[in-house]
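> structure, please.
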Amino acid sequence: MHTCKKYFFLLVIIPCLALFFILLGSATGHGGQYRARYSLEKDTLVCVMGNNFYDYYLYHAEPAGFQFGIIRAFAKAFRSPYRIDLLPSLAQRQQALAGQQADIMICSRQEFKEYMQGDRLTAAFLLPDSSAWVVDAKRPEMIKLVGQWMAQYRQSKDFKTHRRKYYTVTSANKERRLYSSLSPYDTLIKKYAKTIHWDWRLLASLICQESRFNPAGRSRRGAYGLMQLMPQTAEGFGIFDVENPESNLQAGVKYLHYVTKYLRLNEVSGIDRLKFVLAAYNAGIGRIRDCRAFAESQGKNPDKWEDVAAVIPLMRHEAYYAGDAIQLGYFKGSETLAYVHNIWERYEHYLNLVAP
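Residues are numbered from 1 along each chain as shown. Model prediction:
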C-alpha cells in the first residue's frame, strides 16, 4: 500500500501539477482552441470508457453526456476525428491503453485506485466529478497534449457550464442499456433500410439530419417530410404523397438506390461508398461526379472519400473550377462536407448506443 501511494504521488500528482503550471503558459488561449492538429500515428483519437449512463447517452436522438462533451471538446480543439469505444470491464480498457489501441482511458477514481495497485507507470488527469483521464506514460507527447488542454479547459467558462449541466443528473451510476428505439418511425426505417442493404441506424442518422424525425417538416425550397424530398423527385419514382411518412421514406430510399447506381461506384466499397452516396443526397449526383473527377485531376484517389473531401474546398476558387475537370462550375462544398461528417459521426454514436 505504501508503494502504491508513493507511485500515486510521484507519477500522478506531480505530473498533473507540473503540467498545470508549466504547460498552461504555453497554451494558445482563445477559449481553449489550438491551431496545431492533433498528432498521432493513427488519424483518429480513440477514447475507451465504461458503461455509465451519466457519461454517454442519447438525448433527442443526439449524443450527450458529461464525458462525451469533454471528449468532443478536446477533439475539436485539435481538429481531430475521434471515436469512443465502450468497454465495460476495466481490464479491457487497461489492455486497450497498454496496447495503444486507445489514446485515453476514462475511469472512475475507484477504478483508478484499482488500476494503480498494480504499480503501473501512468499519468492521470482528475476531474471534479470523481473521474479520471488516464494516459500511458510511454506516450509523453500525448501526456503533454492532454495536460496542456485539460489545465486550460478546467478553468474555462465552457467547462463550468458543462459541469453545471450534468452535475445534478440523478442517473450518474445507472448502468446504460442499449436504446431500443430512436423515433416513432423505427419500424419503417428498418423495413426500408433493408431494401438498400443499409444499417437502419445509418438511415436513421440521415433522417435525423434532414428532418429531426419530423414528418411534417418543410424546407424553404419546398422539400418535405422525413427525408426532405422535393415533390417532383418523389413523383419521378411514382410516389405522389410525400406527406405520408411511409411514402416519403419509400421515395427517399428509392432515390438513395438511384444515387448509388448513377454515381458509378463500381470500384468503391465500404465506408467510402456510403459517404459518397450521402454527399450526393445532399449536393446532387452531378456535383459529386465533379468532385471525384477534380480529385483525380489533383492526383488524389477518386474512390476514397477522404481524398475527395480534402480537395472540395478548392472548388470554390476560379483558378480550379474554371478547369476541364469541373463541369458544373463553382462549388462551395462546406455544407456537403459538414453534412456527411455529421451523419457519419451520429451514426457511430448510434452504433455504440442503439441496438441493431
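
> residue boundaries of the helices in the stretch 101-250 of the chain?
Secondary structure of the stretch 101-250 of the chain (DSSP state H, counting those that start in this stretch): helices at 109-116, 140-153, 157-167, 186-195, 200-211, 231-236, 245-262.

> count the neighbours of the nearest residue to residue 209 once chain neighbours are set aside for me.
The shortest distance from residue 209 to any residue other than its chain neighbours is 5.0 Å, reached at residue 343 (Cβ to Cβ, 6 or more residues apart in numbering). C-beta coordinates here come from the backbone N, C-alpha and C atoms, glycine included. The tally of other residues near residue 343 (other Cβ atoms under 10 Å) stands at 25.

> show the pLDDT at residue 343.
Listed pLDDT for residue 343 reads 98.

> can you confirm it is in a helix?
Yes - with DSSP: H, G, I helix; E, B strand; the rest coil as the criterion, residue 343 is part of a helix.

> isn't it right next to residue 204, touching?
No - using Cβ atoms under 8 Å, residue 343 makes no contact with residue 204, being 9.9 Å away.

> the host helix or strand of residue 294 to helix 245-262, inter-axis angle?
Using DSSP states H and E, the element containing residue 294 is helix 285-297. On the basis of axes from the mean of the first three to the mean of the last three Cα atoms, to 10 degrees, helix 285-297 is oriented at 30 degrees to helix 245-262.

> where does pLDDT dip in the stretch 1-150 of the chain?
1-42, 117-122 (pLDDT under 70).

> at 90 what do you get?
Across the stretch 1-150 of the chain, the ranges flagged by pLDDT under 90 are 1-44, 50-55, 78-79, 88, 90, 98, 100, 108-131, 136-143, 145.

> all strands for it, in order.
In the stretch 1-150 of the chain, the strands defined using DSSP state E, counting those that start in this stretch lie at 45-49, 57-59, 62-64, 82-86, 104-108, 122-127, 131-136.

> out of the ones you listed, which comes closest to residue 293?
strand 82-86 (31.0 Å; Cβ to Cβ).

> the closest one pairs with which strands, and in what direction?
Applying DSSP bridges, strand 82-86 is found paired with strand 45-49 (parallel).

> any idea how far residue 309 lies from residue 128?
Residue 309 sits 38 Å away from residue 128, going by Cβ to Cβ, to the nearest Å.

> okay, the strands of the stretch 1-150 of the chain in a markdown table with distance to residue 154 and mean neighbour count next?
Shown next, in a markdown table, are the strands of the stretch 1-150 of the chain (distance: least, Cβ to Cβ, whole Å; neighbours: other Cβ atoms under 10 Å):
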| stretch | distance to residue 154 | mean neighbour count |
| --- | --- | --- |
| strand 45-49 | 17 | 23 |
| strand 57-59 | 23 | 15 |
| strand 62-64 | 20 | 15 |
| strand 82-86 | 19 | 19 |
| strand 104-108 | 15 | 23 |
| strand 122-127 | 8 | 22 |
| strand 131-136 | 11 | 23 |
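
> now these as CSV including distance to residue 164?
Putting these into CSV (distance: least, Cβ to Cβ, whole Å) gives the following:
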stretch, distance to residue 164
strand 45-49, 21
strand 57-59, 16
strand 62-64, 14
strand 82-86, 23
strand 104-108, 20
strand 122-127, 14
strand 131-136, 16
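
> pull the contacting residues for residue 312.
291, 331, 333, 336-337 (Cβ atoms under 8 Å, 6 or more residues apart in numbering).

> ok, how many other residues are close to residue 348?
18.

> same question, residue 219
Counted with other Cβ under 10 Å, residue 219 comes out at 12.

> for the closest residue to it other than its chain neighbours, what are its contacts?
Spatial nearest neighbour of residue 219, excluding adjacent residues (Cβ to Cβ, 6+ apart): residue 228 at 5.9 Å. Going by Cβ under 8 Å, 6+ apart, residue 228 touches 210-211, 217, 219.

> how close does residue 228 sit to residue 329?
Counting by Cβ to Cβ, the gap from residue 228 to residue 329 is 25 Å.

> who's in contact with residue 134?
97, 104-107, 112, 115, 122-124.

> pipe the residues you listed into a markdown table and attach distance to residue 282 per row.
Output for these, formatted as a markdown table (distance: Cβ to Cβ, whole Å):
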| residue | distance to residue 282 |
| --- | --- |
| 97 | 38 |
| 104 | 32 |
| 105 | 36 |
| 106 | 34 |
| 107 | 39 |
| 112 | 44 |
| 115 | 44 |
| 122 | 44 |
| 123 | 42 |
| 124 | 42 |
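
> ok, residue 305 touching residue 265?
No - with contacts counted by Cβ under 8 Å, residue 305 stays clear of residue 265, the gap being 10.8 Å.

> go through the contacts of residue 312 and name the one nearest residue 80.
residue 337 (15.9 Å).

> part of a helix, is that closest one?
Yes - according to three-state DSSP, residue 337 belongs to a helix.

> thought residue 331 was touching residue 317?
No - proximity of residue 331 to residue 317 does not meet the contact threshold set by Cβ under 8 Å, at 10.3 Å.
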